[in-house]
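A.B. asks: Sequence and computational prediction follow.
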Amino acid sequence: MCGIVGYIGKKQAAPILLDGLSKLEYRGYDSAGMAVYDGSRIQIQKAAGRLKVLDEQTHGGAAMPGTIGIGHTRWATHGAPSDDNAHPHYNQDETIAVVHNGIIENYLKLRRKLEAKGCTFRSQTDTEVVAMLLGYYYKGDPLEAIVKVMHRVEGSYALGILFADHPDVVYSVRKDSPLIVGQSAQGCFCASDVPAVLKYTREVYFIQNEEIAVLSEEKIVFYNIDGEEIEKEAKTIEWDINAAEKGGYAHFMLKEMNEQPKTVSDTLNPRLKDGRIVIEELGMSDEEIRALRKIHITACGSAYHAGITGKYVFEGLARIPVEVDLASEFRYRDPIIEENTLVIIISQSGETADSLAALREAKKRGALTLGIVNVVGSSIAREADRVMYTLAGPEIAVATTKAYTAQLIALYLLAMKFAQIRGRLSDDACAGMIKDLKAIPAQIQMLLANKEDIQRFANRYLAARDIFFIGRGIDHAISLEGSLKLKEISYIHSEAYAAGELKHGTISLIEEGTLVTAVVTQEDLYKKAISNIVEVRTRGAFVMAVTNEDNTQIEKTADYVIYIPKTNRYFTNSLAIIPLQLFSYYVSVGKGLDVDKPRNLAKSVTVE
C-alpha cells in the first residue's frame, strides 16, 4: 500500500518525482524518499513523516540534480516508519536503487542467504532484500538480473529500479501490485496510479503480472518474465485533470462529498436509454440472468457495506438469494459455489488484494464473475468475466464517499435489470424507480446544503469516547458505513449494530450522554426502530435520528432529527449516508485531524 513513481527525460527528475508522489500520498504517508542519478552516482534522500518533510529537505527537488530518478511514499508493513526503513533502498555497493509497493513473503529466507554471502542490511524492510538480490545477480545485464529476481521472490511487487551502470534507463516490474507507465514530450514515467502522471500524459500502458517495462528518454520497451520483448497497447485516460486536485476545497474528502451528485449522474445516465436500463458492458444474456440461482457479493470496507445493501435490493427486487462475504474471508471458508452462480466483486481501485484473491478463487470454482470497479484497466476489471464501471473519477481521500455512492447506484441498476428480465419487476414499477433514481442527485445536493447545522451538532461530540449506530434491514447497512466513516477519520470508537440485537448485550455499553445514531428509513420497521430508540434513551443515550421527511413522529423520541427526502425504500442508503459523512467529516475537522490521510490507513490496500 505504497506509491511509487519514476521519471526519465529532459527535465530535472526530483521536482517531477515530488509532484507525482504528492498525487500518490493517499497510498501511504509515513515516510518518503527519492533516488536520482546525478551524473556520477545514485543519490538517495529520504525522510520519515509526510512528503512535505522530503520536499523541504531537498528544496523542492532542487538539491537533487539529475534527469532520471525514482520516488516512493510509504505505508509501513515491514519495519516501523523511519529514515532507515524509508525507500529507496540500495544494494550492497550502492550501485542499484529500488522502490517497491507490495510484500515479499519469503524475504526472511532470502535475507539469511544474502547475509551469509556478506550482505549487510541497513533496514528492517522486505524491500531491501530485492535491492541486495539484484546486486547479487547483476553481472552487467540489468534485464537478466531482474528476471532472476522475479523467479526467486514470492509475494507482490511493483518495482522501480535504477542501475548506476545504465544511467539512461528506468526499469519497472510488476506482480500483483498496480503499475502504469506513460510517455510524453517531457520523457517517460512509471507510477502506481494514473493521477501521478495525468499532468504529463493521458496515454498510459497498464503493466500486467510478470511484465517488465524499460523506460528511456525516447521510448518504452516491454518484456515478459522470460526476457522476451512483447507489444502492448496504450489506453487513453478520460479523467478531467482537475478531478485529482482540491479545487478550492479545504480537503479532498469535502470536495468528493460535494461531487456525489455528479457521480450519481455519471454512473446512472449512460445506463438509461429511452426509459430502459441498458448496461452494455455487462455482456450477460437474458438467458444467463434468468438461469442465475445465487449471487455472492464479496468486497472489503465500504465496498462490503455497499454489498450488504445490494443483498437487500437483489433479494427484494429480483428474488435471487444473495450471500455477502468479506473478501478477506471468502476464500478461506471453502465457499460452496453451485452451478449458475454469479460472484460480484466490488472495489474502487480494482486492485484490492483480498478482493482480487476472492475473484480468482471464484473463477477457480467455476463461477461467473462480475467486477464493479472504478478504475479502467485495473486488475479486477481485466480478470473478471464481466465488468461494470462506476465512473466516479479519481478519489483521493482515504475515506471513500463518492466511490461508495457510485457502487450503490451500480447495484441498484443491476438489481432492477435482473428483476425485469426475470419477470419480477413490471415496466411501470421500473419506470417509477428510474424516476426516483434520477431525483437522487438533486436530493443529495439538498442534503449537502445542510452542512452548517450538522457541523454545529458535530462540534458537541469532539470529545466523545464511544458512539453507536443502529438500524434495521437496509438501515443496518447504512449504519455500518456511517460508523466506519466516523472511526476512520475521527479516531473515536464507533460501532454499528442491528438494532434488534441491542437487548442481547450491546445495551450494556450505553451510558448517560452516549450518542446513538439511529437510521430509520424503512417504513415497515418504523415502530420497531422507535422502540429501540426508547430503549437506549431510557439508559441515558442522546439520540440522533436520520429518517424520512414524513416520519415526524420520531421527534417525540429522538433528540436531534435529520430528515432525508422521499425516495424508493431501496434507495434510502444513497441519501441517509450523506449526513453521516458530513457528521464524520466535521468531527474530524473539529479535532484538528488530517481528514484526507487518517493515521495507519492507506487508500488502495494492495497487500493482504
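C.D. replies: Noted; the coordinates are in hand. Residues are numbered from 1 along each chain as shown.
A.B. asks: My read is that residue 148 contacts residue 135, right?
C.D. replies: No - Residue 148 lies out of contact with residue 135 (C-beta atoms under 8 Å); the separation is 11.6 Å. Every residue, glycine included, has its C-beta placed from N, CA and C.
A.B. asks: Between these two, which has more neighbouring residues?
C.D. replies: residue 135 (20 against 17; other C-beta atoms under 10 Å).
A.B. asks: so where is the stretch 151-300 of the chain shaky, pLDDT-wise?
C.D. replies: 239-244 (pLDDT under 70).
A.B. asks: And the strands in it, which stretches?
C.D. replies: All strands of the stretch 151-300 of the chain, identified by DSSP state E, counting those that start in this stretch, fall at 155-163, 170-175, 180-184, 187-191, 203-206, 211-215, 220-224, 229-230, 235-236, 272-273, 276-277, 294-299.
A.B. asks: Return the most buried member of those strands.
C.D. replies: Of all these, strand 187-191 has the most neighbours on average by mean count of other C-beta atoms under 10 Å, namely a mean of 28.
A.B. asks: Now tell me what touches that strand from outside.
C.D. replies: Applying C-beta atoms under 8 Å, 6 or more residues apart in numbering, the set of residues contacting strand 187-191 from outside is 3-11, 20, 24, 67, 160, 170, 172, 179-183, 196-197, 200-201, 213, 215-217, 219-220.
A.B. asks: how big is the angle separating that strand from strand 220-224?
C.D. replies: Here strand 187-191 runs at an angle of 40 degrees relative to strand 220-224 (axes from the mean of the first three to the mean of the last three C-alpha atoms, to 10 degrees).
A.B. asks: and strand 187-191, which strands flank it?
C.D. replies: Neighbouring strands of strand 187-191 in its sheet, by DSSP bridges, are strand 3-9 (antiparallel), strand 180-184 (antiparallel).
A.B. asks: okay but residue 165 is in contact with residue 95, surely?
C.D. replies: Yes - between residue 165 and residue 95 there is a contact under C-beta under 8 Å: 6.7 Å.
A.B. asks: Low-confidence stretches in the protein?
C.D. replies: Using pLDDT under 70, the chain drops low at 1, 26, 28, 76, 239-244, 601-608.
A.B. asks: Now do the same contact list for residue 283.
C.D. replies: Counted by C-beta under 8 Å, 6+ apart, residue 283 has contacts residue 386.
A.B. asks: Give me the spatial nearest neighbour of residue 183, chain neighbours excluded.
C.D. replies: Residue nearest to residue 183 in three dimensions, not counting chain neighbours: residue 220, with 5.9 Å by C-beta to C-beta, 6 or more residues apart in numbering.
A.B. asks: Now residue 377: phi and psi?
C.D. replies: Residue 377 has phi and psi values of phi 80, psi 0 when expressed as degrees, to the nearest 10.
A.B. asks: Equivalent analysis for residue 518, please.
C.D. replies: phi -110, psi 120.
A.B. asks: That one and residue 468 touch, don't they?
C.D. replies: No - shown here, residue 518 and residue 468 do not form a contact pair, counting by C-beta under 8 Å, at 9.2 Å.
A.B. asks: Which of these two has more residues huddled nearby?
C.D. replies: For residue 518 versus residue 468, neighbours defined as other C-beta under 10 Å are more numerous around residue 518 (28 against 24).
A.B. asks: Report the beta-bridge partners for that one.
C.D. replies: With DSSP bridges as the rule, residue 518 is bridged to residue 470, residue 545.
A.B. asks: wait, what's in contact with it?
C.D. replies: 469-471, 499, 529, 532-533, 536, 543-546, 558.
A.B. asks: Next one: it from residue 535, what distance?
C.D. replies: Distance, residue 518 to residue 535, by C-beta to C-beta, to the nearest Å: 10 Å.
A.B. asks: do the same with residue 593
C.D. replies: Per C-beta to C-beta, residue 593 is found 32 Å from residue 535.
A.B. asks: and if you look at residue 411?
C.D. replies: On the measure of C-beta to C-beta, residue 411 and residue 535 end up 32 Å apart.
A.B. asks: List the buried residues of stretch 111-128.
C.D. replies: 111, 114, 119, 121, 123, 125, 126, 127, 128 (16 or more other C-beta atoms under 10 Å).
A.B. asks: what does it rub up against?
C.D. replies: With contacts defined as C-beta under 8 Å, 6+ apart, stretch 111-128 is touched by 77-80, 84-85, 87, 89-90, 92, 98-100, 103-104, 107, 129, 132-133, 135-136, 155.
A.B. asks: how about 6 Å then?
C.D. replies: The contact list for stretch 111-128 (C-beta atoms under 6 Å, 6 or more residues apart in numbering) reads 78, 79, 84, 85, 89, 92, 100, 104, 107, 129, 132.
A.B. asks: What is the end-to-end distance of that stretch?
C.D. replies: 9 Å (C-alpha to C-alpha, to the nearest Å).
A.B. asks: And that stretch, how far out from the chain middle?
C.D. replies: Stretch 111-128 has its C-alpha centroid displaced from the chain centroid by 32 Å (C-alpha atoms, centre = their mean, to the nearest Å).
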